[in-house]
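Novice: Sharing a model prediction with you, sequence too.
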Amino acid sequence: MSKEILVCCGTGCLAKGSQFVVDEFREKLGERKDIRVISDVKKVGCNGFCENGPIVTILPDHITYYKVSPKDVEEILDSLEDTPVERLLYQDDQGKRVRSREENPFYAPQHKIALRHTGMIDPGNIEEYIKAGGYIGLQNALEASQDAVIRQVEISGIRGRGGGGFPTGKKWRSCLEVSSDMKYMLCNGDEGDPGAFMDRSIMEGDPHSVLEGLIIGAYAIGSRQGYLYIRDEYGLALHHMQRAIDDARKKGFLGKNILGSDFDFDCEIVRGGGAFVCGESSALMASIEGKVGEPRVKYIRSVVKGLFDQPTVLNNVETLANIPYILTHGGETFAKMGTKGSKGTKVFSLVGKVNRTGLVEVPMGITLRELVYQIGGGIPAGKAFKAVQTGGPSGGCIPESLLDLPIDFDTLKEKGSMMGSGGIIVMDETTCMVDLARYYVKFLSEESCGKCTPCREGLRHMLDILARICEGKGELEDLDLLEELAITATQASLCELGRTAANPVLSTLHYFRDEYEEHIVQKRCPAGACKELIRFTILEEACKGCGICAKHCPTSAITGELKKPYTIHQDVCIRCGNCKVKCPFGAIHVE
Amino acid sequence: MNIIIDGRQVWAKPEDTILLAARREGIYIPSLCFNQATEPTHSCRLCMVEIQEKGRTFMVASCAYKVKEGLVVTTESETLRKVRNTLLQLLYAQAPENPAIVSLMERYQVVPKEKLAPKEGQCILCGLCVEACKKLGASSISTIHRGVTKEVNTPYGIQAKNCIGCASCAGFCPTHCITVEDTEEGRTIWNKKFKWARCEVCGAIVGTEQHYKASTGDTQVVCPDCRRKTMTDVFADTLGERY
C-alpha cells in the first residue's frame, strides 16, 4: 500500500516554514522512484500542536513527526519502509518517544468533531471533503423537512459556540416561525479574542464543513442568502473559504436547485475591518450593512429583525462546523457527549504558562485540571499554578480551588467567568492579577465601540484606577469605586460586550482581592510583575561576579569588580528584568 | 394598551417605548440622548428602569423598550439609584460643570467624584448631533474611532464638503458643546466658514447660503416675512382689494 505524506500548512506551521518542507518533499519525491508514495504531498490544515510545527504525518502508519525542517526530508523518506526517525517523534512526559497521536498525551484525551477533518484533508480540495463524508449531512437535510432538520439540531442539544451559548436549534426554530420573504443566514468568523484561534483553524483547515453547516442552516430557516463575516487579518482562512464557496457552487451545493431540490441558496464573504466589537451580533450586522460597527439594542431579537431588518440567524464558525456531523450521524450521537446542559465537544485554544499549548477539542464537562495538567502537561519550569482565564477578554479568572470544575456553559458562568469562544489562558505565580485585569481592561477600552456611557467611560476610569494600583498609588477606597464602576457597566451597558467587560475586574477582585490589597497597602506586587513596585537586587552569596548581568543591563545600572559580588543601582535601574534572565547562577532577586 | 408605571395605570400606544408613555403621563425619567425628532441612539443609559417579567426583575433602557399589555415598570429603586448615580458621575467627568448634567445631579443629590479624572471638553458622545445631521443636515458628521478615543467629527477631521452650516447638530446637543460662531458676515462651524444668505428685499439673515439652497432650492433669497408680504400683495392684487 502506498504511503501518504501530510504536511501541516496551518498559519502556525507555515510561519515555521512548512511550505519549505512541502517543496523539499515534492522535489525529492520527483527524484526518487524507489519508494511507494502517493506522488503529491498533501497540504493539510492546522493540527493544533502549533508550537511543535511543522508537523508531518505519514499514513497509513499514523506516524507523526514534529519540528520537521527541509533537511529532515531525505531521512524521513529513507525511513518510510523502515523504523521511524526517532529524533523527530514526540517525547512524552516520561521521556518516551511516541509514534502516533493516540500515544501523544496532547492528543490522546481529545475527541474531534468540529475539527474532525482539520489536519487530515486538503482544505483546498472539495473532492477530499466529499470523500471524507462531506455534504452527506446536506443531502440528508434536503431529503427531510425543515422541521425535521431543526428537530435533529434540537435533539443534539448543541449550543452556540461563539460565547453566549444559546441553543442553536431554538434559534433556528424561532427564525423559521417568523414569516418573511427574505431571511439571512450568517456565519460569524470575526474571532478577535487575544490568544484564540479556534475559528481560524477550522476555516483554514476545513472550510467546507462550515459552508455545509451554513447551507443546512439556511435550508432549515428558509433563507436564500447568506454571508460569512470573516476578519480581514485571516488571510489564509479567507482564501480557503472563497475557494470552498467557488468549488461548492460548481458542484451544485450552492446556487439554484441545490442537489436537485427546489431549495436555492447562495452566500458571499464580507471582510471585517478588525474591530473586536464586530463579533457582537448586532454590530456585525451593522458592519455588513455598511454602517458603523456599533451594536443596537436587542429587545427585538435578530431572528425577528436582524440584518437589513429581516429575520436573521447568526451562528459561530465552530457551531456550523458541528452541524454537518449532527445531520450525518444524528442528533442523538452528538448528545451522547458532554454534560446535561452542554452537549458535544468544545474546541479550546490552550495557551499561556503550560508545557503544551495549542488547539484542543475535548468533550464538554472535562475539568480544567485535566485540560491544564493532562493535555497541557502542567506548568513549565516548576512554577506554581495561579489561575486560568477562560472566555477571552470578557471572561473571568478561575483560581486553583476551582480547578476540578467541569467545563460547560453554565458552570463557568456561575463562577463569574464564561465559555466565550473557548480561549483558555493559563497563568502561573509570576502573573500579577491586577496587572492582568489592567491588560484586559485596556484591550476592551480600546475595542469597545464607545457608544454607551457605562462601557466607554466606565472602562476609561477602571483603567485609570487599575494603572494607579499597579503603580503603587492606589488607595483602599479605589476598590469600592472599581466595583461600583464594574457593576454599573454590567447592569447598564447596551450590548453584551459592555455587560461582560467588567468580568476580568470583578472575578479578580472576587478571587484575588488580597493581591489588590497588597498592592495598595504594602505597595508590593507579590507576583513581581508590576515594575513600579519591585526591586531587583543581587544576592551576594550566590553572585560569582561574572559580570554577565552588567554586560546586558541596558542602562548600565549594574556595576562591580570581576569575581566579586555586583550591585544594582536602584536609581538607574529600569526594572526590565534582563539581568534576571541572563544570570546563570540565579543570583538576581526580585522583591 | 395599559401598562403600570410605579404602581400607576398608564395608557400607552402599542408602538410606544416606556419613556414615551411615561412622558405623556408626566412621569419623569431622566434622559440626555433622547429626542423624538431623531433616530434614538440609546447611548446615555440614564433612562434605565426596571421591569417585572415572569417573576423576575430586569433593568432595561426605557427609551428603547417597547411597551406591552400589562407591563410593570419601576422608575425608582435602590439598584436604579446606584446605577443612575454612577452614570451621572461618569457623565460629569466627561463634561465637567456642564449645566445640563449639574442640574440632573442636583435633582438626584449626586456629588461629583474627585477620583474620576475629568475629560477635556463637554461632549458626552450621545450621538444626537450625528442623528440630527442625518435627518436635518447633510450627514456631514459622524462618530469616528472607537472605544475611549471615540469622538464626533467630520470625515478625516477636515472641512466637510457637504456641510451646509445649518447648525442642527448644535441645536440638538444636550450639553451645548458644539461651537457655532455667528458674526455679521457669516457663520463658522465644524472648521468651515459660511456666508449668510440675506433677504434680497429687507437684508435679514435667512441662514447660510448653502443651507438656504439645500432647503428651498431657490436662487432668489427672500426671508419668510418678505415672502409673506409679497404673497399678500399678489393676493390683494388678484382679488382687487388693493386701494
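Specialist: Perfect, I can see it now.
Novice: Tell me where the stretch 1-150 of chain A has strands.
Specialist: Secondary structure of the stretch 1-150 of chain A (DSSP state E, counting those that start in this stretch): strands located at A:4-8, A:42-44, A:56-59, A:63-65, A:90-91, A:97-98.
Novice: which residue does the stretch 351-500 of chain A bring closest to chain B?
Specialist: Residue nearest to chain B within the stretch 351-500 of chain A (C-beta to the nearest C-beta): residue A:450, separated by 3.2 Å. For glycine as for every other residue, the C-beta is placed from the backbone atoms N, C-alpha and C.
Novice: Dihedrals phi and psi, that residue?
Specialist: phi 80, psi 20 (degrees, to the nearest 10).
Novice: re the thing from before, out of the strands of the stretch 1-150 of chain A, which is closest to residue A:334?
Specialist: strand A:42-44 (24.4 Å; C-beta to C-beta).
Novice: Residue 81: what's it in contact with?
Specialist: If you meant another chain, say so; for now it's chain A. Applying C-beta atoms under 8 Å, 6 or more residues apart in numbering or on different chains to residue A:81 gives the contacts residue A:35.
Novice: meant chain B actually
Specialist: residue B:108.
Novice: Helix or strand: which one has it?
Specialist: Here residue B:81 sits within helix B:78-94, counting by DSSP states H and E.
Novice: Kindly state the pLDDT recorded for residue B:1?
Specialist: Here the pLDDT value assigned to residue B:1 is 91.
Novice: I'd assumed residue B:66 was in contact with it.
Specialist: No - the pair residue B:1 / residue B:66 is not scored as a contact, 10.7 Å apart, by C-beta atoms under 8 Å.
Novice: Show me the strands in chain B, by range?
Specialist: Using DSSP state E, the strands found in chain B span residues B:2-5, B:8-11, B:48-53, B:56-61, B:72-74, B:142-144, B:151-153, B:180-182, B:186-189, B:192-198, B:205-208.
Novice: Turn these into a markdown table, including distance to residue A:386 and mean neighbour count.
Specialist: Converted to a markdown table, the strands of chain B look like this (distance: least, C-beta to C-beta, whole Å; neighbours: other C-beta atoms under 10 Å in any protein chain shown):
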| stretch | distance to residue A:386 | mean neighbour count |
| --- | --- | --- |
| strand B:2-5 | 49 | 18 |
| strand B:8-11 | 53 | 13 |
| strand B:48-53 | 37 | 18 |
| strand B:56-61 | 34 | 16 |
| strand B:72-74 | 42 | 18 |
| strand B:142-144 | 39 | 18 |
| strand B:151-153 | 39 | 17 |
| strand B:180-182 | 56 | 13 |
| strand B:186-189 | 55 | 18 |
| strand B:192-198 | 56 | 18 |
| strand B:205-208 | 63 | 21 |
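Novice: mind giving me TSV with those and columns for distance to chain A?
Specialist: Output for the strands of chain B, formatted as TSV (distance: least, C-beta to the nearest C-beta, whole Å):
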stretch	distance to chain A
strand B:2-5	15
strand B:8-11	19
strand B:48-53	5
strand B:56-61	5
strand B:72-74	14
strand B:142-144	6
strand B:151-153	9
strand B:180-182	25
strand B:186-189	22
strand B:192-198	22
strand B:205-208	27
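Novice: Next, format those as CSV and append distance to residue B:122.
Specialist: Formatted as CSV, the strands of chain B follow (distance: least, C-beta to C-beta, whole Å):
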stretch, distance to residue B:122
strand B:2-5, 32
strand B:8-11, 35
strand B:48-53, 23
strand B:56-61, 23
strand B:72-74, 32
strand B:142-144, 16
strand B:151-153, 12
strand B:180-182, 14
strand B:186-189, 16
strand B:192-198, 21
strand B:205-208, 24
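Novice: Please identify which of those is closest to residue A:488.
Specialist: Comparing these by their distance to residue A:488 (C-beta to C-beta), the top pick is strand B:48-53, with 9.7 Å.
Novice: Out of the strands of chain B, which gets nearest to residue A:445?
Specialist: Taking C-beta to C-beta as the measure, these were each checked against residue A:445, and strand B:151-153 came out nearest at 14.6 Å.
Novice: name the helices or strands packed onto the closest one?
Specialist: Here strand B:151-153 touches strand B:142-144, going by 3 or more C-beta pairs under 8 Å, 6 or more residues apart in numbering or on different chains; DSSP states H and E.
Novice: just how off-centre is the strand it packs on within its chain?
Specialist: 16 Å (C-alpha atoms, centre = their mean, to the nearest Å).
Novice: Just checking: what are the partner strands of it?
Specialist: strand B:151-153 (antiparallel) (DSSP bridges).
Novice: List the contacts of the partner strand.
Specialist: Residues outside strand B:151-153 that contact it (C-beta under 8 Å, 6+ apart): B:123, B:125, B:127, B:129-130, B:141-145.
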